[in-house]
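Engineer: please find the sequence and the predicted model below.
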Amino acid sequence: MKEARFFYAPNAEDNDRLPPEEAAHALRVLRLKADDEIFLMDGKGRFFRAEVTLTSRQDCCYRITEELPQQKTWNGYIHLAIAPTKHIDRIEWMVEKATEIGFDELTFLQTAFTERKNIRVDRIEKIVVAAAKQSRKAWLPVVNDCMSMTEFLNVPHRGAKFIAHCYDDFEKVDLMAALQRDSNVNEAVVLVGPEGDFSHEEVAQALTKGFQSVSLGNSRLRTETAGLMAVTMAQLTYRR
């Protein structure tokens with residue numbers, strides 16, 4: 001039995017050909033031909049069974065044969081806001097793994113100690129798409145560009161709000177325990193700081209905005225590990 005081949009087609013129903021990058025993979029790598037079966041994902045909760053109708057040098061045309069609505073494997077909404085690491089490959093690794101686990105939104109934070117000032121959102125989105133196809137995720141997380149810490153804190157956020165940090169002079173609760181305590185809310189945003197942590201003032205500012213001070217455990221984690229841990233804890237709490 002051939003392995004199911006998934007392609008990202010955000011407007012699958014309104015088109016009859018794969019997007020250029022997906023078509024290039026289908027034609028040059030997989031060498032698909034007319035009548036081959038493929039699966040399309042729109043990133044908004046639906047898969048489609050389809051068959052290839054025509055291939056050319058650049059185009060791979062298809063015909064949808066069946067719509068396959070999917071059920072999200074977790075309840076609610078998981079939003080990770082994280083400061084990008086100095087070495088971008090570490091945050092890219094985290095994005096890939098977090099997408100495989102499952103979350104809904106990603107925002108990059110510019111904090112007092114953030115060393116990297118720019119993010120290529122288009123590259124991050126490509127990593128998200130590849131990870132979603134590999135892990136058969138019907139929903140793609142939203143990827144936001146960098147925002148300042150102050151700007152992010154002033155945006156209204158629904159559900160439970162948490163800031164993870166390493167300061168001992170702020171009372172902290174375990175994130176997993178806090179999520180389970182508020183599991184009926186099923187919406188959470190978790191802030192994770194850069195390699196040097198948030199500044200003391202940033203933590204205090206977040207607390208005045210209604211964020212809860214939390215710990216991710218007894219180990220001191222790298223930024224990307226902390227981000228992945230936060231997503232995993234939320235996923236375990238909210239999964240169906």
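Structural biologist: Great, that's in hand. Worth saying up front: this structure is predicted, and the values here are computed from it rather than measured. Residues are numbered from 1 along each chain as shown.

Engineer: quick one, grab the pLDDT at the nearest residue to Cys61 once chain neighbours are set aside.
Structural biologist: Nearest in space to Cys61, with sequence neighbours left out and distances taken as C-beta to C-beta, 6 or more residues apart in numbering, is Leu54 at 4.2 Å. C-beta: built from backbone N, CA, C; applies to glycine. According to the predicted model, the pLDDT of Leu54 comes to 94.

Engineer: and for Ile82, the neighbour number?
Structural biologist: Per other C-beta atoms under 10 Å, the neighbour tally for Ile82 reads 28.

Engineer: same check on Gly45?
Structural biologist: Applying other C-beta under 10 Å, we find 14 residues neighbouring Gly45.

Engineer: next, it: phi, psi?
Structural biologist: Backbone geometry at Gly45, expressed as degrees, to the nearest 10, gives phi 110, psi 10.

Engineer: before we move on, what about Pro69?
Structural biologist: Pro69 adopts backbone torsions of phi -60, psi 140, taken as degrees, to the nearest 10.

Engineer: likewise for Val190?
Structural biologist: Backbone geometry at Val190, expressed as degrees, to the nearest 10, gives phi -120, psi 130.

Engineer: so the nearest residue to it once chain neighbours are set aside is in which element?
Structural biologist: If you skip the residues right next to it in sequence, Val190 has Ala230 as its closest partner in space, 4.3 Å away by C-beta to C-beta, 6+ apart. In this assignment (DSSP states H and E), Ala230 forms part of helix 223-238.

Engineer: which secondary structure elements does that helix contact?
Structural biologist: In terms of contact count using 3 or more C-beta pairs under 8 Å, 6 or more residues apart in numbering; DSSP states H and E, helix 223-238 is assigned the packing partners strand 77-82, helix 88-101, strand 160-164, helix 175-181, strand 187-192.

Engineer: want to try TSV for these, with distance to Glu37 as columns?
Structural biologist: Shown next, in TSV, are the helices and strands packed on helix 223-238 (distance: least, C-beta to C-beta, whole Å):
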stretch	distance to Glu37
strand 77-82	33
helix 88-101	24
strand 160-164	43
helix 175-181	40
strand 187-192	37
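
Engineer: could you chop this structure up by domain?
Structural biologist: Under the TED database, the residue ranges defining each domain of the chain are 6-69, 77-239.

Engineer: winner for burial among those?
Structural biologist: Mean neighbour counts were compared across the domains of the chain using mean count of other C-beta atoms under 10 Å; the top stretch is domain 77-239, at a mean of 18.

Engineer: tell me the mean pLDDT for that domain?
Structural biologist: The predicted confidence, averaged over domain 77-239, sits at 95.

Engineer: show the pLDDT at Lys33.
Structural biologist: Residue-level confidence at Lys33 comes out at 94, pLDDT.

Engineer: that one contacts Glu51, doesn't it?
Structural biologist: No: using C-beta atoms under 8 Å, Lys33 is not in contact with Glu51; the gap is 10.6 Å.

Engineer: list the contacts of the residue nearest to the spatial centre of the chain.
Structural biologist: The residue lying closest to the centre of the chain (C-alpha atoms, centre = their mean) is Pro141, at 4.1 Å. Going by C-beta atoms under 8 Å, 6 or more residues apart in numbering, Pro141 touches Ala98, Thr99, Phe103, Asp104, Glu105, Leu106, Val128.
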